[in-house]
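>>> structure for this input, please:
(one chain, ligands or ions: 2)
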Amino acid sequence: MASVQAYPFRISRISDVGGAEIFGVDLSQPLDAAMKDAIMRAFLEFHILVFRDQELTKDAQYKFSENFGEMEHHVGRLPNGKPYSIVHTVTNLDADGNPIKSLKAEGNYFWHTDKSYHAVPSLTTMLHAVELPESGGGDTQFANTKRGYDALSDTMKTRIADMKVEHSWEASRRNVGAPPPNAAQISERPPVVHPIVRTHPDTGDKTLYLGHHMSHIVGLDKDESDALLEELSDHTTQDEFVYTHQWRTGDYVMWDNRLLLHRAMPNYKFSKDRRLLHRTVVIGTAPY
Ligand code: OGA
Ligand code: MN
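Ligands and ions are numbered 1, 2, ... in the order given. Prediction:
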């Protein structure tokens, strides 16, 4: 399917919900202004860009990512207590490089948008697929929350128009059954409040800003808040609004965290196969 815009690379839409594959761009090379502008336009049109067949070092990934804004550091800690490096890995391999025995309570497997527990969350996350499960699977899903918002009834749009949600690292850990953060981590990442209905800063589109880093809707009692958040989340993650990315080695994917929820799928042999991606996160702007 052709794009409505002209681009200086071969690009084709992957799904109606979002996603385009791009061929013939070498991300390890410096970007000139025209190419950067074209990538940004494609990013706003398709929300998920899949650059095929990329070979780049972590250093080159860092340099490419930096074109799009300030780089995010990570709240998580390695088993030795050190913070992750800015280009870190998303993987099922343990410190010795062996597949883990069983899946941990990991946030990535629940719908979320990256860093929504920050006052200034992520614009885009970029993953470079270095090793993928030999027997298949290990997909990533994306839900388009502009589509979700647009499809709400007028009554619901009016009901949620001015609602705000508290997001926190603590709630995030609780929601996925992970061990709670320590006091230092909690004070390092105090709870933040964001609108439920977010306005996309580049397009003006309205989106639903949800995900498992949420604690509650401000001013509602817990039961009502839980029920409404579940209803909205279920609504915007129904199949109609979801694209499932089946990775190929060398894929370099960047997605728009302001408009999408995403999650990793545990649909692979994580105790046998290897899955390793290099990851960078670029900081965006405060939601409004
Ligand atoms: C992430 C993430 C999903 C995956 O890197 O932010 O959620 O499929 N990854 O690894
Ligand atoms: Mn994520």
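
>>> ligand 1 contacts on the stretch 51-200 of the chain?
Taking Cβ under 6 Å from any ligand atom as the test, the list of the stretch 51-200 of the chain residues beside ligand 1 reads Val90, Asn108, Asp114, Thr125, Leu127, Thr140. C-betas here are computed from N, CA, C, even on glycine.

>>> pull the most distant pair out of those.
Across those, no pair lies farther apart than Asp114 and Thr140, at 12.2 Å, counting by Cβ to Cβ.

>>> common neighbours of those two, please.
Residues touching both Asp114 and Thr140 (Cβ atoms under 8 Å, 6 or more residues apart in numbering) are His262.

>>> more neighbours, those two?
Asp114 (24 against 21; other Cβ atoms under 10 Å).

>>> now that one: closest residue in space, sequence neighbours ignored.
With sequence-adjacent residues excluded and distances taken as Cβ to Cβ, 6 or more residues apart in numbering, Asp114 is closest to Ser122, at 4.2 Å.

>>> ok, Asp139 - how many residues close by?
By the criterion of other Cβ under 10 Å, Asp139 has 17 neighbours.

>>> what of the one 3 residues further on?
The number of residues packed near Phe142 is 26, by other Cβ under 10 Å.

>>> residue contacts, it?
Neighbour list for Phe142: 17-19, 47-48, 242-245, 255, 260-262 [criterion: Cβ under 8 Å, 6+ apart].

>>> with just CA atoms, put the helix or strand harbouring it into PDB.
Counting by DSSP states H and E, the element that carries Phe142 is strand 140-144. The C-alpha coordinates for strand 140-144 follow below in PDB (Å, rounded to 0.1, in the frame of the first residue of the first chain):
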ATOM      1  CA  THR A 140       5.700  -7.300  20.400                       C
ATOM      2  CA  GLN A 141       2.200  -5.900  20.200                       C
ATOM      3  CA  PHE A 142       1.200  -2.300  19.700                       C
ATOM      4  CA  ALA A 143      -2.300  -0.800  20.400                       C
ATOM      5  CA  ASN A 144      -3.300   2.500  18.700                       C
END
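
>>> sheet partners, orientation included, of that strand?
Strand pairing for strand 140-144, using DSSP bridges, gives strand 242-245 (antiparallel), strand 260-264 (antiparallel).

>>> hang on, the earlier thing: next one, pLDDT for the residue nearest to Asp114 please.
As predicted, Ser122 sits at a pLDDT of 98.

>>> ranges for the helices of the stretch 1-150 of the chain?
Ranges of helices in the stretch 1-150 of the chain, per DSSP state H, counting those that start in this stretch, are 33-46, 58-66, 145-150.

>>> adding mean pLDDT and mean neighbour count, write those out as a markdown table.
What follows is those, written out as a markdown table (pLDDT from 0 to 100; neighbours: other Cβ atoms under 10 Å):
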| stretch | mean pLDDT | mean neighbour count |
| --- | --- | --- |
| helix 33-46 | 97 | 16 |
| helix 58-66 | 95 | 18 |
| helix 145-150 | 98 | 22 |
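
>>> how about the ones you listed, which one is nearest His278?
With respect to His278, and counting by Cβ to Cβ, the nearest of the helices of the stretch 1-150 of the chain is helix 58-66 at 5.6 Å.
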